[in-house]
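J.: need a 3D model of the sequence below.
(one chain, ligands or ions: 1)
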Amino acid sequence: MKTTLIRQAEIITMNQTEETFTGDVYIEGDTIKDIGSSLSYPEADHVIDAKGKVLTPGFVQTHVHLCQTIFRGKGDDLELMDWLKKRIWPLEAAHDEESVYYSAMLGLGEMIRSGTTSIVDMETVNHTGAAFRAIEASGMRALSGKVMMDKGDEVPRALQETTTGSLQQSADLMAAWHGRDNGRIQYAYSPRFVISCTEELLRETARLSRMHGTRVHTHASENLGEIDIVEAETGMRNVVYLDHIGLATDKLILAHCVWLDEQERRIIQERGVKVTHCPGSNMKLASGRADIPALLNAHVCVGLGADGAPCNNNLDMMNEMRLAALMHKPDHGPTAMDARTVFRMATIGGAEAMGLENEIGSIEVGKKADLVLHDLYDFHTYPSYDVDTISRLVYSATRADVVMTMIHGRIVMEDQQLKTIDKDTVLREADSSIRRLIGRIPELAGASVPEYDQLSSHSG
Ligand SMILES: [Zn+2]
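T.: Reported below is the predicted structural model:
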């Protein structure tokens, strides 16, 4: 079993007492075996001298779409329903096995490079096996699933599926991938959002989740236009409807939750539903500001995520932490969402949202070795004297300061060099894939200038 000793790092443990100290971490296989101020393991296969550097738990992004990474820059300056119907759905419909694979690799490379070690990922309708193959090869820890959408207007033909077909494909993918690599890869049922799903599909998903304990990952209450449609179709608020059909449980991960009312917040709190905050995406799509401080006050588990590359346009947790810390202060005052609260969301909070708080999210003996080393010896992160290191990480540091990423005990980036992903190949294939996809969509071929459709954007 491969062993690694990381020596003399400033360790931000994020354990129960949020202890920080300078010391060593010893890793055997995929697990942290020992932590101390001066460990001696002369037989370690690999020793990392981390003197002067900061070791943190790897970042957990609880909402991303790997299949959309090659759409980066293809959906700028649109609001949600236009963004979906004019850009994202046609592009997803044009995907093939290879383009999904390289789109996933592009996103995985970006995230490993910026210190993300776990993701909750939603794929497209087809070719999800290719995304799982990329996840497997990259070394990323992931909870992922094919998107389910058995209804909806203006959905391209290739994304239209039947209720039974959607459920069967999900079951097949789950059988093939859930639990792979000693649990590193897990499956989540992933209905796109209420608008895209029949009640039958959602009820069956809820039943399967209850029966197998499977997690369910979906979007909810992202945009005012979206919740109007849900209310018109179901007569209920979005989260009330999810509760009505049995989906609101502690296995449910809800992305966005921008437009909740008091009753919906109470359902989320009482059922133990997990929420993902996506500040970059919510601002870029002009969706609104989720009241995250209120959810945290109600002890709701909130994780952080970049969402897809075409609505952000990065998958960078350092950036997302900074946005999460800043965007709520104008409404809630300067002490809202302090650096420590945000850092907790990015690590142990995300782990809890995935149901993995006993395995990842903090640096503790017995936990999986998902670790990130930051080099804060630079102009933009100094002075260091008497400044809380977590403040430096959230407010000053960037992805350029991430020097080593370890997932499941395996070093996937060292000295800023990716070990599992060939950068030149992935960048080349990402370009050739998006060129091929655009060639399949006549309406997009000349659409590099974004247009803002005033008529279909919501009046609110
Ligand atoms: Zn999303």
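J.: packing partners for the lowest-mean-pLDDT helix or strand in the chain?
T.: Lowest by mean pLDDT, DSSP states H and E among the helices and strands of the chain is helix 80-82, with a mean of 90. On a contact count with 3 or more Cβ pairs under 8 Å, 6 or more residues apart in numbering; DSSP states H and E, helix 80-82 meets helix 224-234. The C-beta positions use only the backbone N, C-alpha and C, and glycine is treated the same way.
J.: identify each buried residue in the helix it packs on, please.
T.: L224, G225, E226, I227, I229, V230, T234 (16 or more other Cβ atoms under 10 Å).
J.: surely V47 is within a strand?
T.: Yes - assigned with DSSP: H, G, I helix; E, B strand; the rest coil, V47 falls within a strand.
J.: so what's it bridging to?
T.: L5 (DSSP bridges).
J.: likewise the one 10 residues further on?
T.: Beta-bridge partners of P57, counted by DSSP bridges, are L371.
J.: so it makes contact with G350?
T.: No - counting by Cβ atoms under 8 Å, P57 stays clear of G350, with 9.4 Å between them.
J.: between the two, which is the more surrounded one?
T.: Per other Cβ atoms under 10 Å, whichever of P57 and G350 has more neighbours is G350, with 34 against 30.
J.: what distance separates the start and the end of stretch 397-404?
T.: For stretch 397-404, the first and last residues are 15 Å from each other (Cα to Cα, to the nearest Å).
J.: hang on, the earlier thing: got any residues that touch both of P57 and G350?
T.: Residues touching both P57 and G350 by Cβ atoms under 8 Å, 6 or more residues apart in numbering: G361.
J.: on that earlier part again, closest to S99 out of the buried residues of helix 224-234?
T.: Of all those, the one sitting nearest S99 is E226; the distance, using Cβ to Cβ, is 27.2 Å.
J.: which ones are touching the closest one?
T.: L80, M81, F193, I195, N238.
J.: per-residue pLDDT, the nearest residue to the fourth one once chain neighbours are set aside?
T.: By that I understand I195. In space, and not counting its chain neighbours, I195 is closest to I229: 5.4 Å by Cβ to Cβ, 6 or more residues apart in numbering. The score at I229 is 96. That number is its pLDDT.
J.: contacting residues around M1?
T.: M1 touches E28, G29, counting by Cβ under 8 Å, 6+ apart.
J.: surely A188 is within a strand?
T.: Yes - the assignment for A188 by three-state DSSP puts it in a strand.
J.: picking up where we left off before, make a PyMOL selection of whichever of the contacts of E226 turn out to be buried.
T.: To isolate the buried ones among those in PyMOL, judged by 16+ other Cβ under 10 Å, type:
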select buried, resi 80+81+193+195+238
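J.: farthest-apart pair in the contacts of E226, please.
T.: The widest separation within these (Cβ to Cβ) is 14.6 Å, between M81 and N238.
J.: D388 - how many residues pack around it?
T.: 13.
J.: also the one 5 residues further on?
T.: The number of residues packed around L393, counting by other Cβ under 10 Å, is 26.
J.: which ones are touching it?
T.: Neighbours of L393 in contact, by Cβ under 8 Å, 6+ apart: I12, V54, T56, M318, M321, A339, F343, H374, L376.
J.: of the residues you listed, closest to P442?
T.: The closest of the contacts of L393 to P442 turns out to be M318 (Cβ to Cβ; 38.7 Å).
J.: shouldn't that closest one be in contact with G115?
T.: Yes - with contact defined as Cβ under 8 Å, M318 reaches G115; the gap is 6.9 Å.
J.: what residues are shared contacts of those two?
T.: R399, V402.
J.: so the two - more neighbours on which side?
T.: G115 (27 against 22).
J.: which non-adjacent residue is nearest V125?
T.: Nearest non-adjacent residue to V125 (Cβ to Cβ, 6+ apart): L159, at 4.7 Å.
J.: which residues are in contact with the one you found?
T.: If you count contacts by Cβ under 8 Å, 6+ apart, then L159 has W89, E92, A93, T124, V125, N126, M149 around it.
J.: from these, which two are the most distant?
T.: W89 and N126 (12.4 Å).
J.: so what touches the host helix or strand of S209?
T.: Using DSSP states H and E, S209 maps to helix 199-212. When contacts are defined by Cβ under 8 Å, 6+ apart, helix 199-212 is touched by residues 148, 150-151, 163, 166-167, 171, 189, 191, 194, 214-216, 242, 245-247, 249, 251-252.
J.: rerun at 7 Å
T.: Outside helix 199-212, the residues that touch it by Cβ atoms under 7 Å, 6 or more residues apart in numbering are 148, 150, 163, 166-167, 189, 191, 214, 216, 245-247, 249, 251.
J.: Serialize the contacts of E226 to JSON lines and add fields for distance to D370.
T.: JSON lines is the format used below for the contacts of E226 (distance: Cβ to Cβ, whole Å):
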{"residue": "L80", "distance to D370": "32"}
{"residue": "M81", "distance to D370": "36"}
{"residue": "F193", "distance to D370": "29"}
{"residue": "I195", "distance to D370": "35"}
{"residue": "N238", "distance to D370": "33"}
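J.: on that earlier part again, just how off-centre is the least confident helix or strand of the chain within its chain?
T.: 21 Å (Cα atoms, centre = their mean, to the nearest Å).
J.: which other residues reach the helix or strand following it?
T.: Sequence order places helix 89-94 as the next helix or strand after helix 80-82, per DSSP H and E. Helix 89-94 is contacted from outside by 67, 71, 74, 124, 155-156, 158-159, 437, 440-441, 443-444, using Cβ under 7 Å, 6+ apart.
J.: include pLDDT, secondary structure and distance to I407 when you put those residues into a markdown table, please.
T.: What follows is the contacts of helix 89-94, written out as a markdown table (pLDDT from 0 to 100; DSSP: H, G, I helix; E, B strand; the rest coil; distance: Cβ to Cβ, whole Å):
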| residue | pLDDT | secondary structure | distance to I407 |
| --- | --- | --- | --- |
| C67 | 98 | helix | 21 |
| F71 | 97 | helix | 25 |
| K74 | 94 | coil | 29 |
| T124 | 98 | coil | 24 |
| V155 | 93 | coil | 35 |
| P156 | 94 | coil | 35 |
| A158 | 95 | helix | 33 |
| L159 | 96 | helix | 31 |
| L437 | 96 | helix | 29 |
| R440 | 94 | coil | 34 |
| I441 | 92 | coil | 35 |
| E443 | 83 | helix | 39 |
| L444 | 81 | helix | 35 |
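J.: these: which two are farthest apart?
T.: C67 and E443 (19.9 Å).
J.: which one of these two is surrounded by more residues?
T.: C67 (33 against 10).
J.: so what's that one up against?
T.: Applying Cβ under 7 Å, 6+ apart, the residues near C67 are E92, H95, V100, S103, A104, E123, T124, A131.
J.: picking that back up, closest to L418 out of the contacts of L159?
T.: Distances from L418 to these, taken by Cβ to Cβ, are shortest for T124, at 24.6 Å.
J.: and the gap between the closest one and A445?
T.: Distance, T124 to A445, using Cβ to Cβ, to the nearest Å: 21 Å.
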